[in-house]
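Asker: show me how the following folds:
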Amino acid sequence: MSVTEIWEKWKSNRALAREFNSLNMDQREELARDICVSEDVLERLFQAGGRGRELERLMYALSLDPEENTPPVGGITRDMTRVCAECAMVRRCQRELEEGSARTNYHEYCPNASPLDELIEMQAQSRLISRMNGRRT
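Answerer: From the prediction side, this is the model:
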């Protein structure tokens, strides 16, 4: 990451911090409800800052689409984001992602390994169904 990118990221994080800190209690409660988490979890997510981006990177490494929001995927990824933001293994995850070994080693350290495996299985089933439907036409 270049110095310019680091600077821009820092400025963006500061702007988000100012915006979050300007919310009153009612607005924070509403935001927590909107994203289906408790206010305590919302606060921890905010304090974690940019953490949780590792999940998106890991999903791409596993050939999963982090933008998939169809049920039940949207709910699963929301919960996984919360777990990732609070994860104690973030340094190892970042290292594995940088080295390109996360795809094969995530079961060793990632608390989201089981839901990721479920998403991989759902994706495989979806592809199989699509292929089967394609043959019928």
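Asker: what count of nearby residues applies to the closest residue to Leu55 other than its chain neighbours?
Answerer: Of all residues not flanking Leu55 in the chain, Cys84 sits nearest, at 4.1 Å (Cβ to Cβ, 6 or more residues apart in numbering). For glycine as for every other residue, the C-beta is placed from the backbone atoms N, C-alpha and C. By the other Cβ atoms under 10 Å criterion, the neighbourhood of Cys84 contains 24 residues.
Asker: what about the helix or strand that Cys84 is a member of, distance to the chain center?
Answerer: Applying DSSP states H and E as the criterion places Cys84 in helix 73-85. Taking Cα atoms, centre = their mean, to the nearest Å, one finds the center of helix 73-85 at 6 Å from the center of the full chain.
Asker: now the angle from the next helix or strand after that helix to helix 73-85?
Answerer: Remark: after helix 73-85, the chain's next helix or strand is helix 90-99, criterion DSSP H and E. Calculated by axes from the mean of the first three to the mean of the last three Cα atoms, to 10 degrees, helix 90-99 forms an angle of 110 degrees with helix 73-85.
Asker: for Met25, the count of nearby residues, please.
Answerer: 8.
Asker: equivalent analysis for the one 3 residues further on, please.
Answerer: The number of residues packed near Arg28 is 15, by other Cβ under 10 Å.
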